[in-house]
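Novice: Sharing a sequence plus its predicted fold:
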Amino acid sequence: MSDKKNLVQKLESVNEYEREAIPQNKLKSWKSFVGTYAGEHTAGTEFVLGPLFVAHGASAVDLVSGLLVGNILAVLSWAFFTGKAATKTRHTLYFQLEKIAGSRFTMIYNLVNAVAFCFLAGAMITVAATAVGIPFDLAMPALDDTLPTSLGFVLTVFVVGAITTVIAMFGFNQVVKFANIAAPWMIMIFVAAAVAVLPRLGINSIGDFWPVAKETIWSGVPLEGKTKFTFWHIMFFAWFCNMAMHIGMADMSILRYAKKWTAGFATSTGVFLGHYVAWIASGILYSLFLLESDGSLVFAPGPIAYEAVGIAGAICVIIAGWTTANPTLYRAGLAIQSINPNWKTWKVTLFVGLITTIAACFPALMMQLLDFVALYGLVLMPLGAVIFIDIFLFPKMGMQSNFAALTHRNFNPAVGITWLITLIFCLGLNLFAGVEIFFLGLPGWFVAVLVYIASSKIVQKNTSIPHTAKPNAKSEVPAS
């Protein structure tokens, strides 16, 4: 009984500063973010996304060049957008948006955000479960599977989900510790596994690699039923696969702990080791799997890694799934907790973990990961534009930042109008102009900026702002 009481007391003592600025003595150096991002982005998604580029017929030249350009743009977005906003306010995305948009709008946004985080974390739990289930000879999901494949697979998912949830419940510090321990080992396994299987693909020297890569691994020919990916698909996907985190500002919740905004560049460890090296490595493993299985439709990262390098590959898949699911569940818990500040974050995270684990039982989340992460980023992108403009541009334009907080309103119509018009615009481009989802984020961001500025001018012009309000008040913690 005393152990249970001590555990509850420890959980109750976790303070994530959900509705206040991070104190100076809690700020962390760039080293914390190097490990966090390396662990999160050299992770379970890499065992899914790398193979999907192979399935969609990406050519070797398009893959290498598209990933290079796209990942550079992603790092710049994290630093100059999210890093600057996070260290200026020291607030979570959710609290900052509430100050701008009002509690009523933020509640809707947080629910949408939390559901998306749950689905992403669920996909990663599914990835880990495909490895945990190997010793039990569980039926693995195929590319076209949507429903659970067996009772054993569901039970395995619940075990993995329980461990992931417990780690996330203990807050940001535990997420960081877990990532720092796991990341270096995982990166080595990714690289070692890819190198180990090269002879089985007919690559016995450095000179053999590029010809085989172009003809066998990334042949440019998509699998049946899959669309063809070009340089532009790969470049925009590499840039926008984490659009919700950088341009969408979700990683304000992480980078608010940084001493300086330049900690945003620490994401380079994640994207270049994970979204470059690991995607290439997992693509090599999947190409070998297709070659040796005569084009099998089974799509389970655990068995694919196990067939390539044995037990080390399977363990890597398990850990990789956890290192993505942990910070994602942490973010989801913050999103739900911000709806009612009286809720304890650890209890909310426990509830979110249960929902996530149930979602993880459905393989469709993993199979449609490319489209899901693109859609998720697109839906949240307009609010990132709102936050960025509100923090950095409005003071220079003589307009009022944090409008909802200063006018004591629970809804800022300018934000609602921006979100609605931007998503309608993107939907119209998709339906009537045939623009694929991977390409909608860039024009959508500029539309969001223009609509928010125009609608805010109208709203603020027709609103009486209290004289006691401090125009464009600065953060409680000095900007770095």
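Specialist: Alright, I've got the coordinates.
Novice: hey, let's count contacts and neighbours off CA atoms from now on
Specialist: Will do.
Novice: in the stretch 351-480 of the chain, which ranges drop under the pLDDT threshold?
Specialist: With pLDDT under 70 as the threshold, the stretch 351-480 of the chain has low-confidence stretches at 365, 466-480.
Novice: Ok, the stretch 201-350 of the chain next?
Specialist: Confidence mapping of the stretch 201-350 of the chain against pLDDT under 70 gives the ranges 295-299, 338, 341.
Novice: can you check the stretch 51-200 of the chain too?
Specialist: Counting by pLDDT under 70, the stretch 51-200 of the chain shows low-confidence ranges at 136, 142-145, 170-184.
Novice: What segments of it are strands?
Specialist: Read by DSSP state E, counting those that start in this stretch, the stretch 51-200 of the chain holds no strands at all.
Novice: Find the centremost residue of the chain, please.
Specialist: A centroid search over the chain (CA atoms, centre = their mean) returns N242, at 5.1 Å, as the residue closest to the centre.
Novice: Report the secondary structure state of that one.
Specialist: The three-state label given to N242 by DSSP: H, G, I helix; E, B strand; the rest coil is coil.
Novice: Equivalent analysis for T227, please.
Specialist: Using three-state DSSP as the criterion, the local structure at T227 reads coil.
Novice: quick one: it and H56 touch, right?
Specialist: Yes: between T227 and H56 there is a contact under CA atoms under 8 Å: 5.7 Å.
Novice: So the two - more neighbours on which side?
Specialist: A side-by-side neighbour count of T227 and H56, using other CA atoms under 10 Å, places H56 first with 20 against 13.
Novice: Next, the contact list for that one, please.
Specialist: V221, P222, L223, K226, T227, K228, F229 (CA atoms under 8 Å, 6 or more residues apart in numbering).
Novice: Make JSON lines from those residues and add distance to L329 to it.
Specialist: What follows is the contacts of H56, written out as JSON lines (distance: CA to CA, whole Å):
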{"residue": "V221", "distance to L329": "36"}
{"residue": "P222", "distance to L329": "33"}
{"residue": "L223", "distance to L329": "33"}
{"residue": "K226", "distance to L329": "31"}
{"residue": "T227", "distance to L329": "31"}
{"residue": "K228", "distance to L329": "33"}
{"residue": "F229", "distance to L329": "31"}
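Novice: which among those residues gets closest to F432?
Specialist: For these, the closest approach to F432 (CA to CA) belongs to T227, at 19.0 Å.
Novice: What does the closest one show for phi and psi?
Specialist: According to degrees, to the nearest 10, the main-chain angles of T227 amount to phi -80, psi 160.
Novice: Which pLDDT value does the model give R19?
Specialist: Here the pLDDT value assigned to R19 is 62.
Novice: Can you classify S268 by secondary structure?
Specialist: Three states are possible here, and by three-state DSSP the one that applies to S268 is helix.
Novice: Go ahead and confirm it touches S77.
Specialist: No: using CA under 8 Å, S268 is not in contact with S77; the gap is 11.0 Å.
Novice: Helix or strand: which one has S32?
Specialist: S32 belongs to helix 30-41 when elements are defined using DSSP states H and E.
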